[in-house]
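S.K.: give the three-dimensional model of this entry:
(one chain, ligands or ions: 3)
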Amino acid sequence: MNCIWKTWFVLAFLFVIFGSENVQAAKQPNLIVIMADDLGYADVGFNGCRDIPTPNIDRIAQGGVKCTSGYVAYSVCSPSRAGFITGRYGHRFGYERNAQYQTGDPNMGLAKEERTIADVLKPVGYTSGVIGKWHLGAHLSNHPLNRGFDFFYGHLGGGHQYMPELLNIKDSYAAKDEAESYRTWILRNHEAVPPRKYLTEEFSEAAVEFVEAEKDSPFFLYLAYNAPHGPLQATEKYLSRLLGIKDTKRKTYAAMVSAVDDGVGLLLDKLDELKLTENTIVIFLSDNGGPESANASDNGKLRGGKGDAWEGGYRVPFAVQWKGKLPAGVDYDLPVSSLDIMATIADLSKAPLNPERPLDGVNLIPYLTGQKSEAPHDAIYLRQFDQNKYAVRSGDYKMVIPFKNGKSLLYNLNVDIGEADNIADRHPETLQRLETMRVQWDSELVEPRFLGLIHLDNWKLKFQKRREATDKWFAAMDKNEDGRVTEAEWLTWSKADAAQNNESNKNNEQQMLFSIDIDGNGVVTREELYVSVK
Ligand SMILES: [Ca+2]
Ligand SMILES: [Ca+2]
Ligand SMILES: [Ca+2]
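M.R.: Ligands and ions are numbered 1, 2, ... in the order given. I've put the predicted structure just below:
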């Protein structure tokens, strides 16, 4: 064969290879993950919310599957996101604390050897964008564009002021502490830009623009709203929709959720307009449970909230839509995890994975379609290293160590979703089985690799003040100073307190005792009181 023919054959061969890959690429589904921040389990219509209308978020559940037992990998922001973005429990790579805003520390944030969903999807032709809150490290080496993403419009830290006029620090890398990090301009890739609108609207519009720009090839959009995380700020446009809510805090929170809902609507409409709805998986979830006292969120029947090992800490609103592939308007009750998102899209897109860093999730699609009927996970795990808390959910049962040096408690979530009736003594064999799973999982984990928000001076001070106040309260109740508050001691204190404050709290005396007596043994210890005071 002469040279020209050889060249022709090579070209024809290459055409077959790349031509067929392009055909395959066209079939790869897009992925949109909309993550709200600190949104309560019961604060979306699809989970029964009555006072905040969320018609657009509800469209995702109505057009797809509502996962009633959807979990995240941690009960606070940053480690939850680290689990989601890598598809692996952050505990495996030392990501077990809420990252500080440290622009000078390359180790504060996502470990360099871990790969993000964007990293994994790049070789199979995806373009990835993250819009909103990053919180996976503020050092330049952890900037989204250095972690596999092709586009970023957002802020690097754990939260942000919402009003444009409050954002008066141009350079994100010049912010010196957490408070300043909330006031930076927004980064468009590496460029600082001053926002013009209420931040939630900025992010919604950027998301719509991203989809418009990337409509012709597979994309992954991670729309990470910082709402409704504090500070609680909303504009009149949304507040005026919620005149029925009298409590100011709840009303502002509700307005923030309503703004997110509008954005979700714009995005879903754009998908419809571009005829991308059937080729796009849309997942809505929160990064952790609602911190009820901080932002007036509501976790409904779930016990506890953000930061807890109770269900309220890490069971979140979770819905998945894939029109034409998933059933519409059905519930899926077996436990699923945010860790499954990476496994799902990697499997569907045939993205190569690193066997040395195995994923903790599974492709959810065959489970949500009913093709597979077994549980997706043997168990859903939680560990909080500094607080020495653990939880293992397996089937209907959940084992939980809700506070430092506490006993292992056991609940049957199928009949006791509020974790009120500790059945550890009645089901020792189940407790032992879950305890064995916990010890096995724990042995696979490493210690945290960086300090967290709780190690900052102002957090330590806040913690110390709270502890002193709690100690005072405990001493006032524990009349005989034996380190245990009995029901009689509790009622005596409770009556005196009510009389002093000139109010009657008869109705919730028992309820309060229940919520503080965590292990349900009839007496309250100092540790139980510490963990109950928020
Ligand atoms: Ca959060
Ligand atoms: Ca006592
Ligand atoms: Ca107790």
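S.K.: the strands in the stretch 51-200 of the chain, which residues?
M.R.: 65-67, 70-71, 127-133, 151-155, 186-188, 191-193 (DSSP state E, counting those that start in this stretch).
S.K.: how about the stretch 201-350 of the chain?
M.R.: Taking DSSP E, counting those that start in this stretch, the strands of the stretch 201-350 of the chain run over residues 219-224, 280-286, 318-321, 330-332, 336-337.
S.K.: so can I have a markdown table of those strands showing mean neighbour count, mean pLDDT and distance to residue 206?
M.R.: For glycine as for every other residue, the C-beta is placed from the backbone atoms N, C-alpha and C. Formatted as a markdown table, the strands of the stretch 201-350 of the chain follow (neighbours: other Cβ atoms under 10 Å; pLDDT from 0 to 100; distance: least, Cβ to Cβ, whole Å):
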| stretch | mean neighbour count | mean pLDDT | distance to residue 206 |
| --- | --- | --- | --- |
| strand 219-224 | 26 | 98 | 9 |
| strand 280-286 | 26 | 98 | 17 |
| strand 318-321 | 26 | 98 | 21 |
| strand 330-332 | 16 | 98 | 31 |
| strand 336-337 | 28 | 98 | 28 |
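S.K.: and of those, who's closest to ligand 2?
M.R.: Closest approach to ligand 2 among those (Cβ to the ion): strand 280-286, 39.4 Å.
S.K.: given that closest one, what are its sheet partners and their directions?
M.R.: As defined by DSSP bridges, the strand partners of strand 280-286 come to strand 30-36 (parallel), strand 318-321 (antiparallel).
S.K.: make JSON lines out of these and add distance to ligand 2.
M.R.: Putting the strands paired with strand 280-286 into JSON lines (distance: least, Cβ to the ion, whole Å) gives the following:
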{"stretch": "strand 30-36", "distance to ligand 2": "43"}
{"stretch": "strand 318-321", "distance to ligand 2": "43"}
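S.K.: picking that back up, nearest to ligand 3, of the strands of the stretch 51-200 of the chain?
M.R.: Here strand 70-71 is closest among the strands of the stretch 51-200 of the chain (Cβ to the ion), at 26.3 Å.
S.K.: can you list contacts of that closest one?
M.R.: 285, 314-318, 335-338, 380, 393 (Cβ atoms under 8 Å, 6 or more residues apart in numbering).
S.K.: any idea which of those is closest to ligand 1?
M.R.: Ranked by distance to ligand 1 (Cβ to the ion), the contacts of strand 70-71 are led by residue 316 at 9.7 Å.
S.K.: what residues are bridge-paired with the residue nearest to the closest one when sequence neighbours are not counted?
M.R.: Excluding the flanking residues, the one nearest residue 316 by Cβ to Cβ, 6 or more residues apart in numbering is residue 286, at 4.1 Å. Residue 286 forms beta bridges with residue 36, as assigned by DSSP bridges.
S.K.: tell me where the stretch 301-450 of the chain has helices.
M.R.: 311-314, 340-349, 365-368, 428-443 (DSSP state H, counting those that start in this stretch).
S.K.: deepest-packed of those, please.
M.R.: Across those, averaging neighbours per residue (mean count of other Cβ atoms under 10 Å) puts helix 311-314 on top, at a mean of 31.
S.K.: surely residue 518 and residue 406 touch.
M.R.: Yes. Shown here, residue 518 and residue 406 form a contact pair, counting by Cβ atoms under 8 Å, at 7.0 Å.
S.K.: tell me, what's the model's pLDDT at the residue in the stretch 101-250 of the chain that ligand 1 sits nearest to?
M.R.: Nearest residue of the stretch 101-250 of the chain to ligand 1, counting by Cβ to the ion: residue 229, 5.6 Å away. pLDDT recorded at residue 229 is 98.
S.K.: same check, this time on the one 10 residues further on
M.R.: With respect to pLDDT, residue 239 scores 98.
S.K.: in contact with the residue nearest to it when sequence neighbours are not counted, which residues?
M.R.: Nearest non-adjacent residue to residue 239, counting by Cβ to Cβ, 6+ apart: residue 255, 4.6 Å away. By Cβ under 8 Å, 6+ apart, the residues touching residue 255 are 234-235, 238-239, 241-242.
S.K.: can you report how many residues lie near the residue of the stretch 151-300 of the chain found nearest ligand 2?
M.R.: Closest to ligand 2 within the stretch 151-300 of the chain is residue 293: 26.9 Å, counting by Cβ to the ion. For residue 293, the count of nearby residues is 12 (other Cβ atoms under 10 Å).
S.K.: which residues of the stretch 151-300 of the chain fall in helices?
M.R.: Using DSSP H, counting those that start in this stretch, helices in the stretch 151-300 of the chain cover 178-181, 199-213, 236-239, 248-273, 292-295.
S.K.: in CSV, list those along with distance to ligand 1.
M.R.: Supplementary listing: the helices of the stretch 151-300 of the chain in CSV, determined by distance: least, Cβ to the ion, whole Å:
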stretch, distance to ligand 1
helix 178-181, 14
helix 199-213, 15
helix 236-239, 20
helix 248-273, 13
helix 292-295, 10
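S.K.: residue 331: which of those helices is closest?
M.R.: The closest of those to residue 331 is helix 248-273. By Cβ to Cβ, the value is 19.9 Å.
S.K.: what's around the closest residue to residue 137 other than its chain neighbours, how many residues?
M.R.: Distance criterion Cβ to Cβ, 6+ apart; nearest residue to residue 137, sequence neighbours excluded, is residue 109 at 1.7 Å. A count of nearby residues for residue 109, using other Cβ under 10 Å, gives 26.
S.K.: rewinding a little: residue 126 versus the residue nearest to residue 239, what's the distance?
M.R.: Residue 255 sits 35 Å away from residue 126, taking Cβ to Cβ, to the nearest Å as the criterion.
S.K.: please apply the same query to residue 37.
M.R.: For residue 37 relative to residue 126 (Cβ to Cβ), the value is 24 Å.
S.K.: ok, now residue 192?
M.R.: Counting by Cβ to Cβ - residue 192 and residue 126 are separated by 27 Å.
S.K.: give me the more crowded residue out of the two.
M.R.: Shown here are residue 192 and residue 126; by other Cβ under 10 Å, residue 126 has more neighbours (24 against 16).
S.K.: not counting sequence-adjacent ones, nearest residue to that one?
M.R.: residue 218 (4.7 Å).
S.K.: contacting residues around the one you found?
M.R.: 25, 28-30, 121, 124-127, 349.
S.K.: now with 6 Å?
M.R.: Residue 218 sits next to 28, 30, 125-126 when contact means Cβ atoms under 6 Å, 6 or more residues apart in numbering.
S.K.: can you redo those residues as CSV with pLDDT?
M.R.: Output for the contacts of residue 218, formatted as CSV (pLDDT from 0 to 100):
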residue, pLDDT
28, 95
30, 98
125, 98
126, 98
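S.K.: need the pLDDT of the closest residue to residue 140 other than its chain neighbours.
M.R.: Leaving out its chain neighbours, the residue that sits closest to residue 140 by Cβ to Cβ, 6+ apart is residue 146, at 6.9 Å. Residue 146 carries a pLDDT value of 98.
S.K.: looking at the helices of the stretch 301-450 of the chain, which is closest to residue 104?
M.R.: Judging the helices of the stretch 301-450 of the chain by Cβ to Cβ, what sits closest to residue 104 is helix 340-349, at 29.5 Å.
S.K.: alpha carbons only: can I get that closest one in PDB?
M.R.: Provided in PDB are the C-alpha atoms of helix 340-349 (Å, rounded to 0.1, in the frame of the first residue of the first chain):
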ATOM      1  CA  ASP A 340     -25.400   7.700  44.900                       C
ATOM      2  CA  ILE A 341     -25.400  10.700  42.600                       C
ATOM      3  CA  MET A 342     -21.800  10.200  41.500                       C
ATOM      4  CA  ALA A 343     -22.300   6.500  41.000                       C
ATOM      5  CA  THR A 344     -25.500   7.000  39.000                       C
ATOM      6  CA  ILE A 345     -24.000   9.400  36.500                       C
ATOM      7  CA  ALA A 346     -20.700   7.600  36.200                       C
ATOM      8  CA  ASP A 347     -22.500   4.400  35.400                       C
ATOM      9  CA  LEU A 348     -24.900   6.000  32.900                       C
ATOM     10  CA  SER A 349     -22.200   7.900  31.100                       C
END
